[in-house]
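*Asks:* structure for this input, please:
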Amino acid sequence: MRELLRSNDMVLVSYIVDLLQQEGLAATVFDVHMSILEGSVGVLPRRVMVLSEDEHRARRLLAEAGLREHLRPLAE
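*Replies:* Coordinates of the predicted model:
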């Protein structure tokens, strides 16, 4: 799996996951349950992950949606 972005903004994370799923891409949010450890303060960011083979398509989709500034750099 590849990380597309990290964010504490749950509205943004939900929007991005929905956008990806509407295009048929499986998106998974990691670190959702970390709020138990942090006390639900929202300090720890959630990571939006996609399958490695879907990474370029997902990045292109998010860039076209005006969300390029939220994307993590491409992993080598």
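
*Asks:* now the helices for this structure?
*Replies:* 10-22, 35-38, 55-64 (DSSP state H).

*Asks:* just give me the neighbour total for V48.
*Replies:* If you count neighbours by other CB atoms under 10 Å, V48 ends up with 26. Every C-beta, even on glycine, is put in place using the N, C-alpha and C of the backbone.

*Asks:* what's the answer for V13, then?
*Replies:* Here the number of neighbours of V13 (other CB under 10 Å) works out to 21.

*Asks:* pretty sure it sits against M49.
*Replies:* No. Counting by CB atoms under 8 Å, V13 does not reach M49; the two are 11.1 Å apart.

*Asks:* could you tell me the least trusted of the helices of the chain?
*Replies:* Lowest mean pLDDT within those: helix 35-38, at a mean of 62.

*Asks:* tell me the centre residue of this protein?
*Replies:* The chain has V48 as the residue nearest its centroid, 2.3 Å off, counting by CA atoms, centre = their mean.

*Asks:* which residue, other than its chain neighbours, is closest to that one?
*Replies:* The shortest distance from V48 to any non-neighbouring residue, by CB to CB, 6 or more residues apart in numbering, is to L4 (4.8 Å).

*Asks:* do the same with H70
*Replies:* L5 (4.8 Å).

*Asks:* near the one you found, how many other residues are there?
*Replies:* L5 has 20 neighbouring residues, counting by other CB under 10 Å.
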